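Enquirer: sequence first, predicted model second:
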Amino acid sequence: MAEHERRLPTSSTVVPTSKINQAMYMKEMLHNALGQHASFEQVDDSRLEESPNEITQRFYNLLAEANEPVFEGVKVSKLSVCIRLLAFKSNWNVPNQALDQIAKLILDLTPPINPLPNNYYEAKRLVSKLGLESKKIDCFVNGCMLFYNNDNGKNDASLLQCKFCGQPRYRTIHPR
């Protein structure tokens, strides 16, 4: 497959990247996530689809607003900026105050009228409105296991040692 082409996940049709309609692609991803599988090969399904309910329409509106470019001439969206700020927090354990300062720096470097968040709280609020969240999961230092609870009955978050190698989860600090 050539570099300028991308396969869409629910179709075997190859579409040049430049011709992918982002809104249609996001809508298709949402339908897949909700289990509403539709095919790209359908001729004209616009008359067959029922309009989304109020909650879904609100979500689509939020998503469309969040995916608007930050300002003219830039391909980066408000949503991608917010997600990147949250990734700083998650990946490097950056304090909230530092993220607030990063957001302020970004605002100082961009045109005065833009939709960017003013601080970490606003970025987190936008992402959470879309139903996205980040969850910190403790990983054992040797990579043997993750310490977390899930819906399938694995409740490992309270374990104090690795189930696989038996080593303690935490280092013991010896008093001097």
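Expert: Sure, I can see it. Given the structure is predicted, the values throughout are model-derived calculations rather than measurements.
Enquirer: per-domain residue ranges of the chain.
Expert: Following automatic domain parsing, the chain resolves into domains at 19-35+52-129, 137-176.
Enquirer: pick the most deeply packed of those domains.
Expert: domain 19-35+52-129 (a mean of 14; mean count of other C-beta atoms under 10 Å). For glycine as for every other residue, the C-beta is placed from the backbone atoms N, C-alpha and C.
Enquirer: just the CA trace of stretch 111-127, in PDB.
Expert: Provided in PDB are the C-alpha atoms of stretch 111-127 (Å, rounded to 0.1, in the frame of the first residue of the first chain):
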ATOM      1  CA  PRO A 111      -3.400  34.600  18.200                       C
ATOM      2  CA  PRO A 112      -5.600  36.300  20.900                       C
ATOM      3  CA  ILE A 113      -8.900  34.700  19.800                       C
ATOM      4  CA  ASN A 114      -8.600  30.900  19.900                       C
ATOM      5  CA  PRO A 115     -10.500  28.100  21.600                       C
ATOM      6  CA  LEU A 116      -7.600  26.700  23.600                       C
ATOM      7  CA  PRO A 117      -8.000  25.800  27.200                       C
ATOM      8  CA  ASN A 118      -6.700  28.400  29.800                       C
ATOM      9  CA  ASN A 119      -5.500  25.700  32.200                       C
ATOM     10  CA  TYR A 120      -5.300  22.000  33.000                       C
ATOM     11  CA  TYR A 121      -8.800  21.900  34.500                       C
ATOM     12  CA  GLU A 122     -10.400  23.200  31.200                       C
ATOM     13  CA  ALA A 123      -8.500  20.700  29.100                       C
ATOM     14  CA  LYS A 124      -9.600  17.800  31.400                       C
ATOM     15  CA  ARG A 125     -13.200  19.000  31.400                       C
ATOM     16  CA  LEU A 126     -13.300  19.100  27.600                       C
ATOM     17  CA  VAL A 127     -11.900  15.600  27.300                       C
END
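Enquirer: next up, the contacts around Pro96.
Expert: Residue 96: Asn, not Pro. Lys89, Tyr120, Tyr121 (C-beta atoms under 8 Å, 6 or more residues apart in numbering).
Enquirer: mind giving me a markdown table with the domains of the chain and columns for mean pLDDT?
Expert: A markdown table is the format used below for the domains of the chain (pLDDT from 0 to 100):
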| stretch | mean pLDDT |
| --- | --- |
| domain 19-35+52-129 | 85 |
| domain 137-176 | 86 |
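Enquirer: which residue ranges of this structure form helices?
Expert: 22-33, 54-66, 78-92, 96-109, 120-129 (DSSP state H).
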